[in-house]
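Participant: Just the structure for this:
(3 chains)
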Amino acid sequence: MKRVGREFFIRDVLEVAPGLLGKYLVRVGDDGNADRYLITETEAYRGEEDLACHARKGKTPRTKVMYEKGGVLYVYLVYGIHWMLNIVTGPEEQPQAALIRCLKNAEGPGILTKMLEIGKDFNGEDLAVSRRMWIENGVNPVPYRAATRVGIDYAGETWKNKPWRYIMTDH
DNA sequence: GTAACGATCCTC
DNA sequence: AGGATCGTTACA
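Facilitator: Reported below is the predicted structural model:
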């Protein structure tokens, strides 16, 4: 029951994304109750050179939060319907983020943000200091397998085949 | 100004 | 297998 601090998120996304597995995402609702959810699946998006990453076209009003220091949330809308929850990683000016794809008892990245009532207003939220959301240590390290990322066919052979999707194997 | 495009999910 | 649905981006 201890909040994960800044130093955890400042590292490379390829260490942070798998490192999030087995940790807990804590959400404090408007009623003050804290709910804890086990993180079971993540994906890594790494820098402007990664053609699957939103920052591939440089800094824009939408992606500028990815350039902040690790620990900040990047929340955006896909397909005009679903909000995606990402945690920015790495040092400042290095656009990386870990997508939270699945929590235990949730069924997908769009569903979990609806369940946790996460929307645009969480964009830019800092997990190192926020009072309504943070990460807590759980059972680490945890067994997992790597797979290719989802929904990024446009990224080209090199990048769409990267095994940057991390899935907990025993839950 | 206008048009095209999704890091998804649900219903045929 | 395909449609929903709208903010962001690119281009004129």
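
Participant: neighbours around the nearest residue to A:Asn140 once chain neighbours are set aside, how many?
Facilitator: In this structure, A:Asn140 finds its nearest non-sequential neighbour in A:Gly22, 5.0 Å apart by CB to CB, 6 or more residues apart in numbering. (Glycine included, C-beta is placed from N, CA and C.) A total of 20 residues lie near A:Gly22 under the criterion other CB atoms under 10 Å.

Participant: Kindly report the same for the one 10 residues further on.
Facilitator: Number of residues near A:Gly32 (other CB under 10 Å) recorded here: 7.

Participant: Quick check: A:Ala146 touching A:Met168?
Facilitator: No. Counting by CB atoms under 8 Å, A:Ala146 does not reach A:Met168; the two are 11.5 Å apart.

Participant: Confirm the residue nearest to A:Asn140 sits in a helix?
Facilitator: No. Counting by DSSP: H, G, I helix; E, B strand; the rest coil, A:Gly22 falls outside a helix, being coil.

Participant: And the contacts of stretch A:17-36?
Facilitator: With contacts defined as CB atoms under 8 Å, 6 or more residues apart in numbering, stretch A:17-36 is touched by A:4, A:8, A:11, A:37-44, A:87, A:89, A:98, A:100, A:103, A:116-118, A:131-142, A:144, A:146, A:164, A:166, A:168.

Participant: who's in contact with A:Lys69?
Facilitator: Here A:Lys69 is in contact with A:6, A:9-10, A:88, A:90-92 (criterion: CB under 8 Å, 6+ apart).

Participant: Relative to DNA strand C, which of the residues you listed is nearest.
Facilitator: Taking CB to the nearest atom of the strand as the measure, DNA strand C lies nearest A:Val88 of the contacts of A:Lys69, at 14.8 Å.

Participant: I'd like the distance between that closest one and A:Tyr37.
Facilitator: As judged by CB to CB, to the nearest Å, A:Val88 and A:Tyr37 stand 19 Å apart.
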